[in-house]
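# All I have is the shape, not the residue letters:
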């Protein structure tokens with residue numbers, strides 16, 4: 001067979017989907033995977049397509065508008081053939097409705113792992129309890145499903161030490177503050193007093209890349225010492241409010257921000273220069289988190305109390321059944 005087709009919502013893709021695609025690919029010269037898109041789905045079709053392209057680089061992945069009236073199978077088949085440029089030689093599915101789809105497309109049908117004995121998992125199970133299903137998904141989907149907690153706040157409020165303690169206590173990877181590493185290097189090679197907007201864009205992009213990489217190997221939680229959102233506040237602190245192009249887009253929002261109060265002594269070091277701005281920065285973080293509707297809690301008091309409160313909030317987050325509706 002020359003041309004094969006795999007159809008699905010892949011909401012999200014899991015090990016059973018990958019098995020189906022690999023089996024189909026081995027049987028045909030060219031395989032197309034059609035990601036069906038309908039209005040109101042909780043995960044964008046383009047993101048689902050991207051998730052499939054990474055582990056299947058020799059497969060064509062397309063997005064097809066599946067929003068046809070009622071059960072108009074012929075209308076659906078017409079849209080599918082238009083997207084494909086004709087009928088495939090075979091369609092591969094694990095669903096009982098695959099035979100009817102194949103008839104409408106005018107091709108053969110092959111049903112793979114119909115009883116789902118090889119991979120007893122479904123996308124609806126994953127959406128209902130994502131953290132319980134991490135072993136069934138590829139690293140790029142795992143990075144989307146795991147919980148992400150970010151510590152933000154003014155200088156010298158214990159953020160990095162808190163991240164280290166939380167990561168050790170909760171058995172989670174943590175992502176250090178790339179902006180600090182960049183500033184120390186800048187201090188050695190040039191003037192740390194002069195900043196350009198593109199430097200903050202670079203910092204935000206690298207911070208997010210490291211965050212996403214940690215999320216891919218997480219068992220369910222990632223602790224982040226700042227993120228791209230926080231980098232925006234730091235840009236404002238040094239350069240004032242201004243529009244900046246090239247800021248990294250996120251596939252999903254942070255699950256929780258923990259904002260550290262500046263009610264602890266300021267401890268100077270090689271790059272800290274904002275003791276007089278700590279109250280202003282705390283207020284800016286609080287205002288902007290509120291304005292954007294981002295989930296956050298304030299950590300105040302001594303360092304032991306901050307850690308106790310942080311653990312409490314994170315454990316609440318991990319207990320919550322975060323349904324991908």
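Done, it's in. Quantities reported herein were computed from a predicted structural model and do not represent experimental measurements. Residues are numbered from 1 along each chain as shown.
# thinking residue 294 is in contact with residue 255, fair?
No. Applying Cβ atoms under 8 Å, one finds residue 294 not in contact with residue 255, separated by 9.8 Å. Yep, even glycine has a C-beta here, placed from its N, CA and C like the rest.
# More neighbours: these two, which one.
Using other Cβ atoms under 10 Å as the criterion, residue 294 and residue 255 rank with residue 255 on top: 19 against 16.
# just the helices in this structure please.
15-27, 45-53, 73-84, 98-105, 123-128, 139-145, 159-170, 178-189, 197-216, 228-239, 278-291, 303-319 (DSSP state H).
# can you list those helices in TSV and add mean neighbour count, mean pLDDT and distance to residue 34?
Converted to TSV, those look like this (neighbours: other Cβ atoms under 10 Å; pLDDT from 0 to 100; distance: least, Cβ to Cβ, whole Å):
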stretch	mean neighbour count	mean pLDDT	distance to residue 34
helix 15-27	18	97	11
helix 45-53	18	97	10
helix 73-84	16	86	7
helix 98-105	18	90	10
helix 123-128	17	94	15
helix 139-145	21	97	19
helix 159-170	18	97	40
helix 178-189	15	91	39
helix 197-216	19	97	26
helix 228-239	19	96	33
helix 278-291	16	98	40
helix 303-319	15	96	36
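# Turn the ones you listed into a markdown table, including distance to residue 39.
Shown next, in a markdown table, are those (distance: least, Cβ to Cβ, whole Å):
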| stretch | distance to residue 39 |
| --- | --- |
| helix 15-27 | 22 |
| helix 45-53 | 11 |
| helix 73-84 | 15 |
| helix 98-105 | 21 |
| helix 123-128 | 17 |
| helix 139-145 | 21 |
| helix 159-170 | 38 |
| helix 178-189 | 38 |
| helix 197-216 | 28 |
| helix 228-239 | 29 |
| helix 278-291 | 28 |
| helix 303-319 | 30 |
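# of the ones you listed, which approaches residue 271 most closely?
helix 178-189 (5.1 Å; Cβ to Cβ).
# in terms of contact, does residue 198 touch residue 245 like I think?
No. Using Cβ under 8 Å, residue 198 is not in contact with residue 245, being 9.2 Å away.
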